[in-house]
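Undergrad: Got a predicted structure plus its sequence, pasted below:
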Amino acid sequence: MGYTRKLAIRNYIVEGFLILASLIVLLPLVILIFGSFKTSAEVLSFSLSFPETWQFSNYVRVFEEGGLSRAFFNSILITGVSSIINIVASSAAAFILARRETKLSGTIYMYFFMGLIAPMSIITTIRVVQGLGFYGSITSVILIYAALNTAFSVFLYSGFIKTIPRALDEVAFLEGASVFGVFFRIVTPLILPVNATVAIMVFMSVWNDITIPVYFLTDSSTWTMPLSIYNFYGKYSRDWNLIFANLVLTSLPVFILYLFGQKYIVSGLTAGAVKG
């Protein structure tokens, strides 16, 4: 009985600490949301108080003057296409690496694994993109993002594909299916949980990134949502209410995606880590 009581007290302490930590994380978010509805003078207090008058016009002004419609389209285009390229290329590569257990495939797998820890060289990448004639275009950013997330995706896909019985492949080959047929007809339907996980995680990482667009998008008409914040801050550095509104609009798509897709992230990571 004494041990049970001690265990319960410890659990209460841990829960209390976690709740306190959550509140510390949520406080800046609450200040950000409330501040986006305040006036430029009222927001300078950076307090948790409600706005005296809810200024919904802040969002209208930010959307019109900040050029967010174009930035939103650019972000959707870049994140969407790079996610699709990453899913198709990574899943196909992981299928071959998981099924062909040779020294070459093992070496290639380790090469992909090194991509998880090796930093990206900006100068070298810029020279490569310039040589290909893509520098300054959205195409260059899409290809870079697809490549940057390949290492993690291959690692996740290969771990899950190894759990799929080889007998399914052998039966399909006996019925005359090709390698592409086995991949698209047998493997692809089974890796849908990992596809969802990769799509959500790539989307969030690409949408929130500002480093790649800063170096590789030279025209402001191709800028993404995070870069619009940088541009908007330069024009309205004293109007924190407008900056907060811009931040809310930029983070809202990722928040909604994570809110509805978190169960797929957990299930996909768990499934992919079984034999990863």
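TA: Structure received.
Undergrad: Could you list the buried residues of the helix or strand containing residue 198?
TA: Using DSSP states H and E, residue 198 sits within helix 192-208. For helix 192-208, the buried set under the neighbour-count rule, 16 or more other CB atoms under 10 Å, comprises 193-207. In this view, the C-beta of every residue, glycine as well, is placed from N, C-alpha and C.
Undergrad: Show the average pLDDT along that helix.
TA: Helix 192-208 shows a mean pLDDT of 86.
Undergrad: what packs against that helix?
TA: helix 68-99, helix 150-161, helix 225-235, helix 240-272 (3 or more CB pairs under 8 Å, 6 or more residues apart in numbering; DSSP states H and E).
Undergrad: and which of the buried residues of helix 192-208 is nearest residue 149?
TA: residue 202 (4.8 Å; CB to CB).
Undergrad: Just want the angle from the helix holding residue 198 to helix 240-272.
TA: 150 degrees (axes from the mean of the first three to the mean of the last three CA atoms, to 10 degrees).
Undergrad: okay, helix 192-208 in PDB with CA atoms only?
TA: In PDB, the C-alpha atoms belonging to helix 192-208 read as follows (Å, rounded to 0.1, in the frame of the first residue of the first chain):
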ATOM      1  CA  LEU A 192       0.300   3.900 -47.100                       C
ATOM      2  CA  PRO A 193       0.900   4.600 -43.300                       C
ATOM      3  CA  VAL A 194       4.500   5.500 -44.000                       C
ATOM      4  CA  ASN A 195       3.500   7.600 -47.000                       C
ATOM      5  CA  ALA A 196       1.200   9.700 -44.800                       C
ATOM      6  CA  THR A 197       4.000  10.100 -42.200                       C
ATOM      7  CA  VAL A 198       6.600  11.100 -44.800                       C
ATOM      8  CA  ALA A 199       4.200  13.500 -46.500                       C
ATOM      9  CA  ILE A 200       3.200  15.300 -43.300                       C
ATOM     10  CA  MET A 201       6.800  15.500 -41.900                       C
ATOM     11  CA  VAL A 202       8.200  16.700 -45.200                       C
ATOM     12  CA  PHE A 203       5.400  19.200 -45.600                       C
ATOM     13  CA  MET A 204       6.000  20.700 -42.200                       C
ATOM     14  CA  SER A 205       9.800  20.900 -42.500                       C
ATOM     15  CA  VAL A 206       9.600  22.500 -46.000                       C
ATOM     16  CA  TRP A 207       6.800  24.900 -45.100                       C
ATOM     17  CA  ASN A 208       8.600  26.200 -42.000                       C
END
